[in-house]
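# got a predicted structure here, sequence first:
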Amino acid sequence: MGGRRAVALALVATVGLGALLRAYLAGSGWLPTDFRHLRHAHTHLGWYGALFPLAFRAWRADGRWVPGRRLSAAYWVAVGVSIGGFLRAGYGPEAIAGSTAVLGVWLAVAWRNRGALAERSWFAAVPVLLLLAACSVGPVAAFVRRDPPLSARWVRTFLSL
């Protein structure tokens with residue numbers, strides 16, 4: 001899933017965005033865009049561009065199904081679209097479309113690895129947890145404007161799963 005260079009670039013960009021955010025919080029007073037947009041780009045890039053591709057590499061080494069070249073290419077395009085969208089406008093149409101495509105790849109991985117449910121291995125819970133995490137996206141969106149604290153709790157549920 002993704003080349004080493006793509007993962008390394010995503011990791012460096014994630015760290016760079018984090019450093020920029022920390023410098024701002026320390027009093028630098030300058031950001032190229034809205035703080036919330038940068039924070040969302042930072043966290044999503046960390047998950048999409050670094051953590052999940054590294055997990056895919058570990059899963060491949062364990063003999064699990066992971067996306068091939070074409071689906072990986074689509075995944076990285078979706079990552080780029082979502083991160084660009086977050087940087088430009090926060091949770092706007094581009095970020096939502098890219099994130100939805102990323103989630104689609106995650107669900108494809110869960111589906112293709114559903115046979116792991118019958119195993120006694122660390123991986124057995126992954127397909128179910130990915131599906132449950134996907135189910136928590138709807139409540140996040142439904143409550144983000146009406147009840148932000150409840151939406152935030154659903155975000156924590158998503159991240160925990």
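In hand now; what should we look at?

# could you list the low-confidence segments of this protein?
Across the chain, residues meeting the criterion (pLDDT under 70) sit at 1-2.

# same thing but at 80, please
Regions of the chain meeting the criterion pLDDT under 80 cover residues 1-2, 29.

# so where do the helices sit in the chain?
Shown for the chain, the helices assigned by DSSP state H span residues 4-23, 35-45, 52-61, 69-89, 93-112, 126-135, 137-143, 148-160.

# using CSV, write down the CA coordinates of the last one.
In this case it means helix 148-160. Taking only C-alpha atoms (Å, rounded to 0.1, in the frame of the first residue of the first chain), the coordinates of helix 148-160 have been written out as CSV:
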residue,chain,number,x,y,z
PRO,A,148,-20.7,19.8,18.9
PRO,A,149,-19.7,18.1,22.2
LEU,A,150,-21.7,15.0,21.1
SER,A,151,-20.1,15.1,17.7
ALA,A,152,-16.7,15.3,19.4
ARG,A,153,-17.5,12.2,21.4
TRP,A,154,-18.4,10.3,18.2
VAL,A,155,-15.0,11.5,16.7
ARG,A,156,-13.2,10.0,19.8
THR,A,157,-15.2,6.8,19.2
PHE,A,158,-14.1,6.7,15.6
LEU,A,159,-10.5,7.3,16.5
SER,A,160,-10.6,4.7,19.3
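
# of all the helices of the chain, which one is nearest Glu119?
Glu119 sits nearest to helix 126-135 of all the helices of the chain, at 10.6 Å, using C-beta to C-beta. Where C-beta positions appear, they are placed from N, C-alpha and C, glycine not excepted.

# gap between the closest one and the chain center?
Counting by C-alpha atoms, centre = their mean, to the nearest Å, helix 126-135 is centred 13 Å from the centre of its parent chain.

# ditto for stretch 103-116
The chain centroid and the centroid of stretch 103-116 are separated by 15 Å, computed with C-alpha atoms, centre = their mean.

# coming back round to it: would JSON lines of the helices of the chain with mean neighbour count be doable?
Formatted as JSON lines, the helices of the chain follow (neighbours: other C-beta atoms under 10 Å):
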{"stretch": "helix 4-23", "mean neighbour count": "15"}
{"stretch": "helix 35-45", "mean neighbour count": "19"}
{"stretch": "helix 52-61", "mean neighbour count": "17"}
{"stretch": "helix 69-89", "mean neighbour count": "18"}
{"stretch": "helix 93-112", "mean neighbour count": "18"}
{"stretch": "helix 126-135", "mean neighbour count": "16"}
{"stretch": "helix 137-143", "mean neighbour count": "15"}
{"stretch": "helix 148-160", "mean neighbour count": "14"}
